[in-house]
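A.B. asks: predicted structure and sequence below. I'll ask about it afterward.
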Amino acid sequence: MKKFVLLSSVLFTFVAMAVGCSSATAENREQKHNSELSVPATDNEMNRGTKIQVAILLDTSSSMDGLIEQAKSRLWNIVNTLTTLRYEGKAPHIEIALYEYGNDGIRTSDYIRQVTPLTTDLDLISQKLFALTTYGGDEYCGAVINKAVEVLDWGRNTSDMKLIYIAGNEPFTQGRISYKSAIDRALGKDIFVNTIHCGNHSSGVQGMWRDAAIRGKGKFFNIDHNVRVRYYDTPYDDRISTCNDRLNATYLGYGHNGFARKEMQAVQDVNAKSISRSNMAERAVSKSAGVYKNSSWDLVDRVKEDKDALDNIRQSDLPEELQNKSKVEIQKVIAGKEAERTAIQKEISELAKKRQDYIDKQLKNDGTSDDLGKAINESVLAFANQKGYTISK
């Protein structure tokens, strides 16, 4: 009986307590370490040399639709948690990769497909995650770990935090490539391997999921993949969503795919909202952080990254409303959009802290269950502590 494994989402929801988007004001009060949201990191606050890289290996064989839903529900949680981490006071470069395995529909060796390479393109990650489906299959854990280790472009700095998460329920010993040798290769690149078994604890132990985590210097978890993620509606969700609509209006698509990527941004908002109001708020919080960058299609991000960008972009590739303007006029429009975006991002960040405070109070009364998000949340923060990272205030 095949089950799918997925991994991806993490952590506590980010948020807190009181006020609306248009009237949000910052409050100086301590936030819990594992639930804080940082203000968007500026270029000067980014640590260009240090990376946090997370590869998520999802078993998409049959009967794992519930786990896919958990992953969709937790994507923005893991992003938000990663954005709170700092190394030597600066925000590291964050990249996420997706693989699927164990699906008969994958016509490749060992039924493995790279869904995305390590990328900073969060909208792409969301798009691909929402497109995943389950179907039959044979799950070869050793093979997919080996593929991720050998193919992905892993960082080489000692400060880099490199994590593989693999989720599933079939024995870890299946396939032509030994999970032991695959994990040895991972450790050779300073990559920690974490396992999330979908089922009871004894089956996870007997199926060598715990052994794989021990060998990989990672964490071993058991979860019920069919449990629905619990959401906490707050007084701030709708206001954050309104901020998000204003935020989208600051993006200026350029180039041959500018319009399509702006449409993708809107579609991923719809996907997040289809899960819950809370999930949409979490996506908006992610979009308010420095990790959400779109210089490949957004003129504001592009010029922020390269001050001479306008000299290298053809007039016909500019947004239609800018094509008949002078360079000085275009620069003025871009500067206005950037200022507007920065202000909106700050509003969202302040509301997010209040929202998390509100949720933390609910969690004290209700407790938490062992779902995918909690498992990843705990392990990411534990590894960050080991590597000397801090959580921003």
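C.D. replies: The structure has been received and is ready for your questions.

A.B. asks: quick one: the helices in this protein?
C.D. replies: 65-83, 122-131, 141-151, 179-188, 201-206, 209-215, 237-248, 258-275, 277-287, 299-305, 327-366, 372-386 (DSSP state H).

A.B. asks: columns mean pLDDT on top of the ones you listed, output as a markdown table?
C.D. replies: What follows is the helices of the chain, written out as a markdown table (pLDDT from 0 to 100):
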| stretch | mean pLDDT |
| --- | --- |
| helix 65-83 | 89 |
| helix 122-131 | 96 |
| helix 141-151 | 97 |
| helix 179-188 | 98 |
| helix 201-206 | 92 |
| helix 209-215 | 97 |
| helix 237-248 | 97 |
| helix 258-275 | 96 |
| helix 277-287 | 95 |
| helix 299-305 | 96 |
| helix 327-366 | 93 |
| helix 372-386 | 85 |
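
A.B. asks: including mean neighbour count and distance to residue 52, could these go into TSV?
C.D. replies: For glycine as for every other residue, the C-beta is placed from the backbone atoms N, C-alpha and C. Putting those into TSV (neighbours: other C-beta atoms under 10 Å; distance: least, C-beta to C-beta, whole Å) gives the following:
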stretch	mean neighbour count	distance to residue 52
helix 65-83	25	6
helix 122-131	19	14
helix 141-151	23	16
helix 179-188	19	16
helix 201-206	15	26
helix 209-215	21	19
helix 237-248	20	24
helix 258-275	17	21
helix 277-287	26	14
helix 299-305	20	20
helix 327-366	18	20
helix 372-386	21	8
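
A.B. asks: a markdown table for these, including distance to residue 228?
C.D. replies: Formatted as a markdown table, the helices of the chain follow (distance: least, C-beta to C-beta, whole Å):
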| stretch | distance to residue 228 |
| --- | --- |
| helix 65-83 | 7 |
| helix 122-131 | 17 |
| helix 141-151 | 26 |
| helix 179-188 | 31 |
| helix 201-206 | 21 |
| helix 209-215 | 23 |
| helix 237-248 | 18 |
| helix 258-275 | 10 |
| helix 277-287 | 12 |
| helix 299-305 | 36 |
| helix 327-366 | 15 |
| helix 372-386 | 11 |
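
A.B. asks: wait, which of those helices is closest to residue 221?
C.D. replies: Of all those, helix 372-386 sits nearest to residue 221, with 3.9 Å by C-beta to C-beta.

A.B. asks: quick one, the closest one and helix 65-83 angle?
C.D. replies: With axes from the mean of the first three to the mean of the last three C-alpha atoms, to 10 degrees applied, the angle from helix 372-386 to helix 65-83 works out at 30 degrees.

A.B. asks: hang on, the earlier thing: between the helices of the chain, which one is closest to residue 161.
C.D. replies: Here helix 372-386 is closest among the helices of the chain (C-beta to C-beta), at 5.9 Å.

A.B. asks: help me confirm that residue 178 comes into contact with residue 142.
C.D. replies: Yes: at 5.3 Å, residue 178 counts as touching residue 142 under the criterion of C-beta atoms under 8 Å.

A.B. asks: between those two, which contacts overlap?
C.D. replies: Residues touching both residue 178 and residue 142 by C-beta atoms under 8 Å, 6 or more residues apart in numbering: none at all.

A.B. asks: where's residue 142 relative to residue 60, distance?
C.D. replies: Counting by C-beta to C-beta, to the nearest Å, the separation of residue 142 from residue 60 is 17 Å.

A.B. asks: now do residue 251
C.D. replies: On the measure of C-beta to C-beta, residue 251 and residue 60 end up 32 Å apart.

A.B. asks: between those two, which one's more packed in?
C.D. replies: Legend: neighbour count by other C-beta atoms under 10 Å for residue 251 and residue 60, higher for residue 60 (31 against 20).

A.B. asks: quick check: phi and psi at the more buried one.
C.D. replies: phi -110, psi 40 (degrees, to the nearest 10).

A.B. asks: report pLDDT for it.
C.D. replies: pLDDT, residue 60: 93.

A.B. asks: same question, residue 44
C.D. replies: For residue 44, the model assigns a pLDDT of 45.

A.B. asks: check contacts around the closest residue to residue 207 other than its chain neighbours.
C.D. replies: Closest residue to residue 207 apart from its sequence neighbours, by C-beta to C-beta, 6 or more residues apart in numbering: residue 171 at 4.1 Å. For residue 171, the contacting residues are 206, 207, 208, by C-beta under 8 Å, 6+ apart.

A.B. asks: in TSV: those, plus distance to residue 345.
C.D. replies: As requested, these are exported to TSV (distance: C-beta to C-beta, whole Å):
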residue	distance to residue 345
206	48
207	44
208	45
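
A.B. asks: thought residue 354 was touching residue 240?
C.D. replies: No: taking contacts as C-beta under 8 Å, residue 354 lies outside contact range of residue 240: 9.9 Å.

A.B. asks: quote the end-to-end distance of stretch 282-297.
C.D. replies: 23 Å (C-alpha to C-alpha, to the nearest Å).

A.B. asks: done for today, thanks.
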